[in-house]
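Colleague: Take a look and give me a structure for this.
(chains A and B)
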Protein chains: 2
Amino acid sequence: MRETNIQTKVLPGFMELLPEEQLEFDRIRAVVAQTYEQFGFTALDTPAIERIRTLFAKAGGETEKQIYNVENKKGIADASEGGGSELALRFDLTVPLARYVAEHFDDLSFPFRRCHIAKVYRGERPQKGRFREFYQCDIDVIGRDKLSIWYDAEIPSIIYQLFKKLDFGKFTIRINNRKLLNGLIRSLDAGVDTAEVLRIIDKAEKISVDTLIELLHAQGLSSELTEKLLAFIGIKGRVDEVLTQLRSLGIEDPLFVLGISELQSVTDAMLQLAVDPAYFVIDLSIARGLDYYTGTVYETKLDDHPGIGSVCSGGRYDNLASHYIQETLPGVGISIGLTRLFYQLRAVGLITCTRKTIADAVVVPMDNANVPTALRTAQSLRTRGLRVDVLLEEMPVKKKFQYVSKKDAAFTVVIGSEEEQTGLLTVQFRRGEEIAKEKVAADALADYLLAQQPG
Amino acid sequence: MRETNIQTKVLPGFMELLPEEQLEFDRIRAVVAQTYEQFGFTALDTPAIERIRTLFAKAGGETEKQIYNVENKKGIADASEGGGSELALRFDLTVPLARYVAEHFDDLSFPFRRCHIAKVYRGERPQKGRFREFYQCDIDVIGRDKLSIWYDAEIPSIIYQLFKKLDFGKFTIRINNRKLLNGLIRSLDAGVDTAEVLRIIDKAEKISVDTLIELLHAQGLSSELTEKLLAFIGIKGRVDEVLTQLRSLGIEDPLFVLGISELQSVTDAMLQLAVDPAYFVIDLSIARGLDYYTGTVYETKLDDHPGIGSVCSGGRYDNLASHYIQETLPGVGISIGLTRLFYQLRAVGLITCTRKTIADAVVVPMDNANVPTALRTAQSLRTRGLRVDVLLEEMPVKKKFQYVSKKDAAFTVVIGSEEEQTGLLTVQFRRGEEIAKEKVAADALADYLLAQQPG
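Modeller: Sure thing, here's the model as predicted:
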């Protein structure tokens, strides 16, 4: 019965959710948005389509291959685009932010805080947990000419508040500062390519120590210096202990010294922001592959699910928009790949989806004659802030209760001839394993439901 | 200073807002979403990219010219798309809904209510108030095999609740039923193309009576029948008066008779749903150009701004997804083109944008030494549900207050050495035209701000 010759399956690499899944996805997304807002990050929205020249002013390589080109082939759109610009879908929210800040520079006040939660597009090879269309949830603070190190402390505090609220179990925010590694490598005076060495160290956790040593040697690092480097990234312990150990190394490179002082400021301020010290560590091996981070960097992992990888990463950069504007715009920010995270959390069982409706209550008139009362009842509940579905279709009673049972709203309000006569409506709700029934006077119904509602 | 050779201007036909505008746009969008949810419409999300064959199973013509094709040119994406499907951005949310319902048919329970607020893409010629990327805010109820007429009453009740909340002034929901016009034309036995005649009537308001008569004659309608038709669409008055007049016409065509009875049911039920009768009329001239409406149709206009046109339109259709699935899926729904509406409301001055931050309060440490207290203060306010920005950048006092003044948050909390010593923080807020100042004890600050906050 179902087949026609038109394909309705969602495209490979695209996530499409059933209502019960979407409700849970949207709940998580709302927690992210609310937490960002709590810290004063105001939402922005930019077009999903950008000029290719703008997109690739900075990026390139792998990203360029993954781009989705966009074209209005038959229409009249392109000619007026201004010189027939080639267009594409954005592949992240950072490039659009850079363009936005450059374009609207005179209308913004700095430090500029923005959050952006939206879809981005990458033509990746479809595989488990990799998506071609996915939500990124970004926040950044952008300074003009300078940006205080205090902002670097605010970001992990937001991560902390967010993942506490999301309640996916114990997590650890791992903090580092790239000035340390940069300063250390410079102080070793080894004449190596610092960026390459950082990229290798970034992989440290995923490869064996032998491979790590091999790779560092291949960069021209002597055995002695390799040993020093490994000893450095191996420093672990409580935040104050790590900072003491770092100072005791006696490295006088000014970048290294600044790195220690920044880490100190960041971790101190996090305590002022009420971050539980059990939830963050200094991890000197974190480099974040991307070249543009220049100071503090962050990764966050769920303690019980290390396989998921970092659920929230970011850091400090020196200049956001050098390709678009001749202003120095340092910034610090983080990104959450929500689509992938949702997929992974479901896979490990941290998310369950049951409720199929946003409604708090479903009102069920037993008969067509009860519809007017049902409509009035529903509307009176809505004026009290409740979300209410009314089952208005005529169907056998058994089917009505199947509908209600599938929807799994907190309350069902039944209105039949008895209820009409007595003015007492039947309310059904889950009480443990059972379905409880109560008779409630029509004019007391809203108060009753509001009192019963969890939260 | 600002120029580089990279274009940062937003593409023509795309809307990009400044933070203060975005805040207002998002506020309106949230009111739309909340109202939809109040009626139990659960949000869905579908990919912005669809197969072209799927998109054009139904549509065609003008829409096809406006399509934005999407292609991953260099990468590996297309080969695995399944037969190298050609892809495009969606041009509305109805086609994706049809595909979704067909694809997930067995997992949905009917009547199926969904809301979808998302961007769609049309390569229209850029002109004032026309956008190539714009938000649609759709709700639909989809039945399986049948769908009660009561649902047709719920939809305009949602429009009513929504535009009351949005508070853009008095509005009128205009309701009609296409069965009336279809039945009337059939009863006239004029042998004309009903769809063409409906399309002409749909334009009645925008053209002169003479032109209207001319166009109808051109369709082969005699002067006598044209007169009857004009008399019919001219029937106006209170809902009960219009229904009485319609009955008094004595037209026995069963479609016409059914149309009257449906209009009666819809308007009766709207009263049960507490819709103020001053806010809706029966307007027999509304046909809604689209061919697929088959029963109730809606348009909504702002009384003081008729030039904006219909701000919310929709209606009843017999079968949503006949191109994708061999099931009969009648539905009823509405759509709001939010991007265009926002643009128009701004143009007529119904929207003003001042506040530049989502934050309720900005905490300002006067000196770097006050930062720890500022961080603690901000965090304690956040735990009470307030949204708080802290100005952490070191800058001259004058610049700090420029920042605060531009942001225009409800409250500014100043923390300097005096405040640190006394434990009394300085709170500034707008009182009429003036900026008022109060000293508030640190531990009473949250209560103080919450009590002052409007709403």
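Colleague: residue ranges for the helices of the stretch 51-200 of chain A, please.
Modeller: Secondary structure of the stretch 51-200 of chain A by DSSP state H, counting those that start in this stretch: the helices cover A:52-55, A:62-65, A:94-103, A:150-166, A:178-188, A:194-202.
Colleague: Tabulate these (JSON lines), appending distance to chain B, mean neighbour count and mean pLDDT.
Modeller: Using the backbone N, CA and C atoms, a C-beta is placed for each residue, glycine as well. Formatted as JSON lines, these follow (distance: least, Cβ to the nearest Cβ, whole Å; neighbours: other Cβ atoms under 10 Å in any protein chain shown; pLDDT from 0 to 100):
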{"stretch": "helix A:52-55", "distance to chain B": "6", "mean neighbour count": "20", "mean pLDDT": "91"}
{"stretch": "helix A:62-65", "distance to chain B": "5", "mean neighbour count": "14", "mean pLDDT": "79"}
{"stretch": "helix A:94-103", "distance to chain B": "4", "mean neighbour count": "24", "mean pLDDT": "96"}
{"stretch": "helix A:150-166", "distance to chain B": "4", "mean neighbour count": "23", "mean pLDDT": "98"}
{"stretch": "helix A:178-188", "distance to chain B": "19", "mean neighbour count": "22", "mean pLDDT": "89"}
{"stretch": "helix A:194-202", "distance to chain B": "23", "mean neighbour count": "18", "mean pLDDT": "84"}
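Colleague: ok, A:Gly220 - contacts?
Modeller: For A:Gly220, the contact set (Cβ atoms under 8 Å, 6 or more residues apart in numbering or on different chains) comprises A:190-192.
Colleague: So how do I select the buried members of those in ChimeraX?
Modeller: The buried residues among the contacts of A:Gly220 can be selected in ChimeraX (16 or more other Cβ atoms under 10 Å in any protein chain shown) with this line:
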select /A:190,192
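Colleague: okay if I get the contacts of A:Gly220 as a markdown table plus pLDDT and distance to A:Val413?
Modeller: Listed next are the contacts of A:Gly220 as a markdown table, based on pLDDT from 0 to 100; distance: Cβ to Cβ, whole Å:
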| residue | pLDDT | distance to A:Val413 |
| --- | --- | --- |
| A:Ala190 | 77 | 74 |
| A:Gly191 | 82 | 77 |
| A:Val192 | 84 | 72 |
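Colleague: Now render the contacts of A:Gly220 as CSV, adding distance to A:Arg431.
Modeller: Below are those laid out as CSV (distance: Cβ to Cβ, whole Å):
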residue, distance to A:Arg431
A:Ala190, 69
A:Gly191, 73
A:Val192, 67
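Colleague: which ones among the contacts of A:Gly220 come in contact with chain B?
Modeller: Counting by Cβ under 8 Å from any Cβ of the partner chain, nothing from the contacts of A:Gly220 sits close to chain B.
Colleague: OK, contacts around the closest residue to A:Pro126 other than its chain neighbours?
Modeller: Excluding the flanking residues, the one nearest A:Pro126 by Cβ to Cβ, 6 or more residues apart in numbering or on different chains is A:Gly13, at 3.7 Å. For A:Gly13, the contact set (Cβ under 8 Å, 6+ apart) comprises A:124, A:126, A:130-133, B:77.
Colleague: The residue nearest the centre of chain A: which element?
Modeller: Centroid check for chain A by Cα atoms, centre = their mean gives A:Ile336 as the closest residue, at 2.9 Å. Take DSSP states H and E as the rule and A:Ile336 turns out to sit in strand A:331-337.
Colleague: Show me what secondary structure element comes after that strand.
Modeller: Past strand A:331-337, the next helix or strand by DSSP H and E is helix A:338-347.
Colleague: can you tell me which residues contact A:Ala204?
Modeller: Here A:Ala204 is in contact with A:212, A:233, A:285 (Cβ under 8 Å, 6+ apart).
Colleague: How much space separates it from B:Ile185?
Modeller: 78 Å (Cβ to Cβ, to the nearest Å).
Colleague: Hmm, A:Ile235 is touching A:Asp283, no?
Modeller: No: in this structure A:Ile235 lies outside contact range of A:Asp283 using Cβ atoms under 8 Å: 9.5 Å.
Colleague: How about the secondary structure of the residue in the stretch 351-455 of chain A that chain B sits nearest to?
Modeller: In the stretch 351-455 of chain A, the residue found nearest to chain B is A:Asp389; the distance is 2.9 Å by Cβ to the nearest Cβ. Assigned by DSSP: H, G, I helix; E, B strand; the rest coil, the conformation of A:Asp389 is strand.
Colleague: Provide a list of residues in contact with it.
Modeller: A:Asp389 neighbours (Cβ under 8 Å, 6+ apart): A:357, A:359, A:361-363, A:378, A:407, A:409, B:39-40, B:113.
Colleague: Which of these ranks first by neighbour count?
Modeller: The most neighbours of any of the contacts of A:Asp389, using other Cβ atoms under 10 Å in any protein chain shown, belong to A:Val363, which has 30 neighbours.
Colleague: What does that residue show for phi and psi?
Modeller: In terms of degrees, to the nearest 10, the main-chain angles of A:Val363 are phi -90, psi 130.
Colleague: which ones are touching it?
Modeller: A:374, A:377-378, A:381, A:388-391, A:412-413, A:415.
Colleague: change it to 7 Å
Modeller: A:374, A:377-378, A:388, A:390, A:413, A:415 (Cβ atoms under 7 Å, 6 or more residues apart in numbering or on different chains).
Colleague: so of the residues you listed, which ones are in strands?
Modeller: A:388, A:390, A:413, A:415 (DSSP state E).
Colleague: List buried residues within the residues you listed.
Modeller: Using 16+ other Cβ under 10 Å, the buried ones in the ones in strands among the contacts of A:Val363 are A:388, A:390, A:413, A:415.
Colleague: out of those, who's nearest A:Val197?
Modeller: Within these, the smallest distance to A:Val197 is 61.2 Å, found for A:Val388 (Cβ to Cβ).
Colleague: partners of the closest one in the sheet?
Modeller: Assessed by DSSP bridges, A:Val388 has beta-bridge partners A:Ala361.
Colleague: what separates it from A:Glu214, distance-wise?
Modeller: A:Val388 is 65 Å from A:Glu214, by Cβ to Cβ.
Colleague: pLDDT check: weakest of the contacts of A:Gly13?
Modeller: pLDDT is lowest at B:Ala77 among the contacts of A:Gly13; the value there is 46.
Colleague: would you turn the contacts of A:Asp389 into CSV with pLDDT and distance to A:Ile28?
Modeller: What follows is the contacts of A:Asp389, written out as CSV (pLDDT from 0 to 100; distance: Cβ to Cβ, whole Å):
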residue, pLDDT, distance to A:Ile28
A:Thr357, 95, 18
A:Ala359, 97, 20
A:Ala361, 97, 24
A:Val362, 97, 24
A:Val363, 98, 29
A:Ala378, 98, 29
A:Lys407, 92, 21
A:Ala409, 94, 20
B:Phe39, 98, 24
B:Gly40, 97, 21
B:Arg113, 97, 22
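Colleague: of these, closest to A:Thr54?
Modeller: Nearest member of these to A:Thr54, counting by Cβ to Cβ, is B:Arg113, at 40.3 Å.
Colleague: and the gap between the closest one and B:Thr94?
Modeller: In terms of Cβ to Cβ, B:Arg113 sits 15 Å off from B:Thr94.
Colleague: measure the closest residue to A:Gly423 other than its chain neighbours to B:Ser148 for me?
Modeller: Closest residue in space to A:Gly423, ignoring its immediate chain neighbours: A:Ala442 at 5.4 Å, by Cβ to Cβ, 6+ apart. Distance, A:Ala442 to B:Ser148, using Cβ to Cβ: 23 Å.
Colleague: likewise A:Asp167?
Modeller: 41 Å.
Colleague: more neighbours, the two?
Modeller: Under the criterion of other Cβ under 10 Å, the comparison of A:Asp167 against B:Ser148 puts B:Ser148 first, with 21 against 8.
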